[in-house]
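J.: Structure for this input, please:
(one chain, ligands or ions: 1)
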Amino acid sequence: MQIKHNTSLKTYNTFGINAKASHFCEINSIDTLRAALQLNEYPTKFILSGGSNMLITKDIDALVLHINNKGITVVSEDKDHILLKVNAGENWHQMVQWTIERNYGGLENMSLIPGNTGTAPIQNIGAYGVELKDVFHSCEALEIATQKVRTFTHAACNFNYRDSYFKNEGKGKYVITSVTLKLTKKNHILNTSYGAIEAELAKNNCHNPTIKDVSNAVIAIRKSKLPDPAELGNSGSFFKNPMVSRLKFNTFSEEHPEAPYYKLSEELYKIPAGWLIEQCGFKGKRIGDAGVHKNQALVLVNYGNATGNDILKLANTIIKNVKEKFGIQITPEVNIIK
Ligand code: EPU
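T.: Numbers count the residues shown, from 1 in each chain. Have a look, this model is predicted:
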């Protein structure tokens, strides 16, 4: 195991924040993970995966363990389904493409999401009407306190909108080492009801789409709305879409009948934070090198040399303005490392 010191994390977080790790080590297997966790000379450990859902606001004074174990294996299959065990360090989108090339269905709507597979369950990643929980079978995670690998069933993960056990009771206690997905081999259940997907398929005259067509449509939509982290530092949606009660929603929609919304149940409504932020005049706004993306107000960007605190300051100003204008509290989706 090679330990580097005073290492820049700029290329390890999609915001491109130039923070430093006092110590840094690549983790390619569960054995290396165990060995690294046992290194007493570095009492504080910090788990880093694809770095696509975090905002680093200071140097990290710890041994940073970069989870990078690769590999995809078939656990079992029958004529309809396949169970694939994907190691945590596999890049999510490359893995999605790998499944689509083999005609395994289920992940197409989640094409081009940045990050690695191991962190997908933590916030139950999702896009265009599909969430990880819809294809998730189980995952394995090393319990830091006992060094034992534990299997988490779907129920144990307690998935919710951008939320799971690992963001709550399990926070900081486990390192996810692999994720097992249940995908279809035939009779794929396509989810094309999301307006933008329908429109993209119609534009391409695609009336009987395959999973590859849906994936390509999602890729085109994402490219048109969301900045590529390789070109412009960002962490996808910075905020979660807020959920409000029926009572609050009724007042809100009387004042803003034009606002988009999703009805989740009789009692719960979700309002797109991107719309709220745009209405406050932040879309495309830039303060120094921290900005709000011009095509999607939910996404904060780093034009080059923003610090994590520059981005955080902008985020807090947005939160305050949305609260003042609409009386609605929005909260970050990304992990803020303070
Ligand atoms: N909207 C605006 N202005 C904006 C952005 C959005 O008015 O600047 C409006 C849109 O016109 C639309 C509504 O808000 O009526 C919803 O917008 P969109 O379809 O772009 O989706 P979103 O709710 O903003 C969520 C996810 C995205 C995911 C898309 C598509 C969250 C926090 N974000 O965004 O996820 O790609 O739906 O499913 O739920 C991510 O998590 O990093 C991410 C990109």
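J.: ok, residue 223 - how many residues close by?
T.: Residue 223 has 11 neighbouring residues, counting by other CB atoms under 10 Å. Quick note: C-beta positions are derived from backbone N, CA and C, even for glycine.
J.: Tell me which other helices or strands the helix or strand encompassing it touches.
T.: When elements are defined using DSSP states H and E, residue 223 is found to belong to helix 211-225. For helix 211-225, the elements it packs on are helix 92-101, helix 195-203, judged by 3 or more CB pairs under 8 Å, 6 or more residues apart in numbering; DSSP states H and E.
J.: The ligand contacts on the stretch 151-300 of the chain?
T.: 225-226, 236-237, 240-241, 260, 272, 274-275, 278, 283, 296-298 (CB under 6 Å from any ligand atom).
J.: redo that, cut-off 8 Å
T.: Taking CB under 8 Å from any ligand atom as the test, the list of the stretch 151-300 of the chain residues beside the ligand reads 161-162, 194-196, 221-222, 225-226, 235-237, 239-241, 260, 272-275, 277-279, 283, 293, 295-299.
J.: And the residue of the stretch 1-150 of the chain that's closest to the ligand?
T.: residue 127 (3.8 Å; CB to the nearest ligand atom).
J.: I figured residue 166 was touching residue 175, is that so?
T.: No. Shown here, residue 166 and residue 175 do not form a contact pair, counting by CB atoms under 8 Å, at 10.0 Å.
J.: okay, and the common contacts of these two?
T.: Taking CB atoms under 8 Å, 6 or more residues apart in numbering as the contact definition, residue 166 and residue 175 share the neighbouring residues residue 141.
J.: Can you say which helix or strand has the spatially most distant residue from the centre of the chain in it?
T.: When each C-alpha in the chain is compared with the mean C-alpha position (CA atoms, centre = their mean), residue 254 comes out farthest, at 33.0 Å. Secondary-structure assignment from DSSP H and E places residue 254 in helix 246-255.
J.: Okay, now the sheet partners of the following helix or strand past that helix, with direction.
T.: Note on helix 246-255: by DSSP H and E, the next helix or strand toward the C-terminus is strand 262-263. Partner strands for strand 262-263, per DSSP bridges, with pairing direction: strand 268-270 (antiparallel).
J.: Run the chain-centre distance for the helix or strand that the partner strand is followed by.
T.: Next in sequence after strand 268-270, counting helices and strands by DSSP H and E, comes helix 273-279. Put simply, helix 273-279 sits 20 Å off its chain's centre (CA atoms, centre = their mean, to the nearest Å).
J.: middle-most residue in the chain, spatially?
T.: Centre of the chain computed as the mean C-alpha position; nearest residue by CA atoms, centre = their mean is residue 125, 4.9 Å away.
J.: residue contacts, that one?
T.: Taking CB under 8 Å, 6+ apart, we find residue 125 in contact with 92, 110, 113, 115, 131-132, 162.
J.: And those, which is closest to residue 209?
T.: Within the contacts of residue 125, proximity to residue 209 (CB to CB) peaks at residue 110, which comes in at 15.8 Å.
J.: tell me what the host helix or strand of residue 178 is packed against?
T.: Here residue 178, judged by DSSP H and E, is contained in strand 174-184. Contact analysis of strand 174-184 by 3+ CB pairs under 8 Å, 6+ apart lists helix 30-37, strand 60-67, strand 81-87, strand 136-143 as its packing neighbours.
J.: which stretch among these comes nearest residue 22?
T.: Between residue 22 and these, the shortest gap by CB to CB is with strand 60-67, which sits at 5.0 Å.
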